[in-house]
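Colleague: Whatever this is, show me its structure:
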Amino acid sequence: MKLKIAIVLLTVCIGTKAQTNCENAVAIQAGLHNAVFVNGSTPPVIICTNGVNNMLTKGIWYSYTPTSTYTTSIRSSVTGYPDTDTRLHVYSGVCNNLVCVTGDDDSGNGTTALATFTAVENTTYFIVFDDNWSNENFVFNLQENTYVPQPFTPQYFELEGSKCAIADLNGDYLDDIISPTIVNSVNVLYQNPDGGAFIPQTLSTPTIRYRPSWSIAVGDYDNNGYNDLLYGDSAGASLVLANSNGTAFNTLLESSQYIFSQRTNFVDINNDGHLDAFVCHDFEPNCYFLNDGNSGFTFHQGGLGDYPTGGNYGSIWVDYDNDGDVDLFIAKCRGGSNQAALDELLRNNGDGTFTNVAQQAGFADLHQSWSAAWADFDNDGDMDVMIGAYGGYNKLMRNDGNTVFTDVSSGSGLGTSTSNEHISHDFDNDGFVDLSSGSGLMHNNGDMTFSPVNVSFYAAAVGDLNNDGFLDILNYNAIYYGNPNGNNWIKILLQGTTSNRNGIGARVEILGNGDGWTKQIRDVRSGEGFKYMSSLNTHFGLGQTDALDMVVVKWPSGTVDYIPNPTINQSLMVVEGSFPLSRLDANADKFTLYPNPAKETLNIKSSNNFSAIKASIYSLDGKLAAQEDISNSAISVRHLTKGTYVIVLHDKNQKSITTKFIKE
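Modeller: Numbering: from 1, shown residues only. Predicted coordinates:
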């Protein structure tokens, strides 16, 4: 009976008009609207959603021009009316040049459509429903809400291939979109340095047996200045090496052994300055290609995850114990009580061997996962981890700084998931690393709790695809551009000399007086989550902090570069060894420290054009040792242990200068 009443309302209360194509699209405003498919109507050609595309025969067209700027929602599930399987597209532009703004298939109730977008005052949008799933009539609601800035803006594009990697492919350090095809080629969208449209190009490859059916990693395996590709397939793994000018992939290295590949990574396992290729094996112990330094390899199996029946899914290389070398965490996946599901944490012993310390660290349980997101979520100087559940509760583990972790999942807001992708990035540039997974985006509240953000994408490849300092996400044929929100940022670009050229395995730190932080850390990684590859550039959000004391880069070789007072809201290029500790003495002519070495008191005599009022003191490993106001041109250093320190002096105009001193 309710259904009959609903149908009566559908035909009586809401008028029906022909909306057969873009040129005669009916103008609508906020409210309920009766959508009727008409024979002979024009289906949309530009598709603004992911997923299956069936044969389209009809379309329902509307135009919408808001009189103010709103956060506008369109939903095809309306109380009192029957739900119909609908698909929605929203365009801007003119009829002969439409551009996708947003679209949706099944985000509403059941299989109904729900899309939200920023509708700009006096801008005309075209709202179109197609018959991809059904041609039944239905009612939809267009609702205008108070404008709330959207964190991301989607832009749709067409590119053949798997579209699962973001990294620089032409040596300009701008993030490009990498899309391997099923034929012997790689399609690339090169980022335009001028900020214009991407530059498409197809790069040839040799005939490849093993393709990225499971995962892809990017890194400069042969140190020639152009990044190479590592493909993980269900039968083996392939290394595809770029030529000397990055215009093609000419060299192919493939495993002769069977590998049911899961996560792949480029990493310098033996720290000889050459990247190795690591591959998780689903059914046997893990494998890796040890780089011979001459564009070849020696194949190894075992020593890095040796459970005989595998279960090795999401590998991620991270310096969890802050000892300067990269360790390995493996998210494991098997059903029931199979011991292959016990996660592994392999500590790098510094001598080419690794020890599984999962039991001591609290990871050796049957929590079923495909990947884990590692980051310093509480900005205390060490790496925490969220181990994503593939059916069940996500697990948040806080690093207590003594190689022991505490489970802080309860009350974290992470809940359950059924996702295989879990990654960590600061998407809003507020200075705290957020989480993204198959269930969307979780905002870091700064206290080891997370809150959901309403987005229409899931974890995938991440990078800065328009070079504006805000991270973007690539999902199939859509780029979700991060919208600038006034927060500051800095990007660190690395070029290794003694270490591998990408600086993979380096620890990058920023030091400053942030809102809730004095230090942030990142590890440079190739391959995170389960499948995708994200930018090799190191990105930090700063919130409203408008200056930094220092950037510290700790290279795999042991070299440490110190860059004082870096300029924010731009990229900083660091070549290994270019900013040694001795460079900090460049500011010595601006002030005098005495006595140096100092035992109890450090006196500060500033120049005429710089008057220091505050001092920050850091140990050489980047830890904040003291921060205090300067009184009578002096500070106490009595409490410091013996050693060399970096001091940053600040004046009343927030300018700062840096040098080093010795505490005896």
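Colleague: Would you map the strands across the stretch 51-200 of the chain?
Modeller: For the stretch 51-200 of the chain, the strands defined by DSSP state E, counting those that start in this stretch occupy 59-64, 70-75, 87-94, 97-104, 114-119, 125-130, 138-146, 152-156, 165-167, 176-180, 185-190, 199-204.
Colleague: Just name the most buried of those strands.
Modeller: Mean neighbour counts were taken over the strands of the stretch 51-200 of the chain using mean count of other CB atoms under 10 Å, and the top value, a mean of 28, falls to strand 165-167. C-betas here are computed from N, CA, C, even on glycine.
Colleague: Packing partners of that strand?
Modeller: Counting contacts by 3 or more CB pairs under 8 Å, 6 or more residues apart in numbering; DSSP states H and E, strand 165-167 packs against strand 176-180, strand 215-219, strand 461-463.
Colleague: show me the residues around the most centrally placed residue in the chain that make contact.
Modeller: Centroid-nearest residue in the chain: residue 462, 4.0 Å away (criterion: CA atoms, centre = their mean). With contact set as CB atoms under 8 Å, 6 or more residues apart in numbering, residue 462 has these partners: 166, 423, 425, 436, 471-474, 532, 534-535.
Colleague: follow-up on the earlier one: so for residue 441, which of the helices and strands packed on strand 165-167 sits nearest?
Modeller: Using CB to CB as the measure, strand 461-463 is the one of the helices and strands packed on strand 165-167 that comes nearest residue 441, at 11.2 Å.
Colleague: chain center to the closest one, what's the gap?
Modeller: Averaging C-alpha positions (CA atoms, centre = their mean, to the nearest Å) puts strand 461-463 5 Å from its chain's average.
Colleague: and the closest residue to residue 625 other than its chain neighbours, how many neighbours?
Modeller: Distance criterion CB to CB, 6 or more residues apart in numbering; nearest residue to residue 625, sequence neighbours excluded, is residue 617 at 4.7 Å. Around residue 617 sit 20 other residues, with neighbours defined as other CB atoms under 10 Å.
Colleague: Tell me the helix or strand right after the helix or strand residue 617 falls within.
Modeller: According to DSSP states H and E, residue 617 maps onto strand 612-619. Per DSSP H and E, the first helix or strand lying C-terminal to strand 612-619 is strand 624-629.
Colleague: Please name the strands paired to that next one in the sheet, noting orientation.
Modeller: In the sheet, strand 624-629 lines up against strand 612-619 (antiparallel) (DSSP bridges).
Colleague: Which positions in the strand it pairs with come out as buried?
Modeller: Of all the residues in strand 612-619, those buried under the rule 16 or more other CB atoms under 10 Å are 612, 614-618.
Colleague: May I have that strand exported as PDB, CA atoms only?
Modeller: This file holds the C-alpha atoms of strand 612-619, laid out as PDB (Å, rounded to 0.1, in the frame of the first residue of the first chain):
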ATOM      1  CA  ALA A 612      68.200  37.000  19.700                       C
ATOM      2  CA  ILE A 613      65.300  36.600  22.200                       C
ATOM      3  CA  LYS A 614      64.800  32.800  22.100                       C
ATOM      4  CA  ALA A 615      66.900  29.700  21.600                       C
ATOM      5  CA  SER A 616      66.200  26.100  20.500                       C
ATOM      6  CA  ILE A 617      68.900  23.500  21.000                       C
ATOM      7  CA  TYR A 618      68.900  20.200  19.200                       C
ATOM      8  CA  SER A 619      71.100  17.100  19.500                       C
END
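Colleague: Show residues contacting it.
Modeller: Strand 612-619 is contacted by residues 511, 513, 518, 549-550, 591, 604, 606, 624-630, 635, 637, 640, 643, 645-652, 657 when judged by CB under 8 Å, 6+ apart.
Colleague: before we move on, the earlier item: so which of the helices and strands packed on strand 165-167 gets nearest residue 106?
Modeller: Of all the helices and strands packed on strand 165-167, strand 461-463 comes closest under CB to CB, at 23.2 Å.
Colleague: Going C-terminal from that closest one, what's the next secondary structure element?
Modeller: strand 472-475.
Colleague: and the very next helix or strand once past that following strand, what does it pack onto?
Modeller: Per DSSP H and E, the first helix or strand lying C-terminal to strand 472-475 is strand 478-482. For strand 478-482, the elements it packs on are strand 152-156, strand 472-475, judged by 3+ CB pairs under 8 Å, 6+ apart.
Colleague: which one of these has the lowest average pLDDT?
Modeller: For those, mean pLDDT drops lowest on strand 152-156, to a mean of 87.
Colleague: on contacts alone, who are the packing partners of that one?
Modeller: When contacts are defined as 3+ CB pairs under 8 Å, 6+ apart, strand 152-156 sits against strand 97-104, strand 478-482.
Colleague: Nearest to residue 264 among those would be which one?
Modeller: Short answer: strand 478-482, nearest of these by CB to CB, at 23.5 Å.
Colleague: residues contacting the closest residue to residue 426 other than its chain neighbours?
Modeller: The spatial neighbour of residue 426 that comes closest, neighbours along the chain excluded (CB to CB, 6+ apart), is residue 541 at 3.9 Å. Shown in contact with residue 541 (CB under 8 Å, 6+ apart): 426, 428-432, 487-489.
Colleague: coming back round to it: looking at the helices and strands packed on strand 478-482, which is closest to residue 208?
Modeller: strand 472-475 (22.1 Å).
Colleague: Sheet partners, orientation included, of the closest one?
Modeller: Take DSSP bridges as the rule and strand 472-475 pairs in its sheet with strand 461-463 (antiparallel), strand 478-482 (antiparallel).
Colleague: Contacts for it next, please.
Modeller: Strand 472-475 has contacts (CB under 8 Å, 6+ apart) with 50, 152, 163, 166, 177, 436, 457-466, 479-482.
Colleague: Just the CA atoms of it, as PDB, please.
Modeller: Only the C-alpha atoms of strand 472-475 are listed here, as PDB (Å, rounded to 0.1, in the frame of the first residue of the first chain):
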ATOM      1  CA  ASP A 472      46.400  14.300  -4.600                       C
ATOM      2  CA  ILE A 473      45.000  10.800  -5.000                       C
ATOM      3  CA  LEU A 474      44.700   8.800  -8.300                       C
ATOM      4  CA  ASN A 475      41.800   6.500  -8.500                       C
END
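Colleague: on that earlier part again, so which of the helices and strands packed on strand 478-482 gets nearest residue 136?
Modeller: strand 152-156 (26.6 Å).
Colleague: Taking strand 478-482 as reference, get the angle to the closest one.
Modeller: Interaxial angle of strand 152-156 relative to strand 478-482 (axes from the mean of the first three to the mean of the last three CA atoms, to 10 degrees): 150 degrees.
Colleague: What strands line up against strand 152-156, and which way round?
Modeller: Applying DSSP bridges to the sheet, strand 152-156 is found paired with strand 478-482 (antiparallel).
Colleague: can you pull the buried residues of the strand it pairs with?
Modeller: Neighbour counts over strand 478-482 (16+ other CB under 10 Å) mark 478-482 as buried.
Colleague: Could you do stretch 511-526 as well?
Modeller: 511-514, 517-526.
Colleague: for those, which one is nearest residue 72?
Modeller: residue 514 (35.4 Å).
Colleague: okay but the closest one is in contact with residue 543, surely?
Modeller: Yes. The pair residue 514 and residue 543 qualifies as a contact (CB atoms under 8 Å) at a distance of 6.3 Å.
Colleague: Need the overlap of contacts for these two.
Modeller: residue 431.
Colleague: how about residue 361, phi and psi?
Modeller: phi -80, psi -10 (degrees, to the nearest 10).
Colleague: I'd assumed residue 345 was in contact with it.
Modeller: Yes. Using CB under 8 Å, residue 361 is in contact with residue 345, at 5.2 Å.
Colleague: which one of these two has more residues nearby?
Modeller: Taking other CB under 10 Å, residue 361 and residue 345 do not tie; residue 345 has more neighbours (25 against 20).
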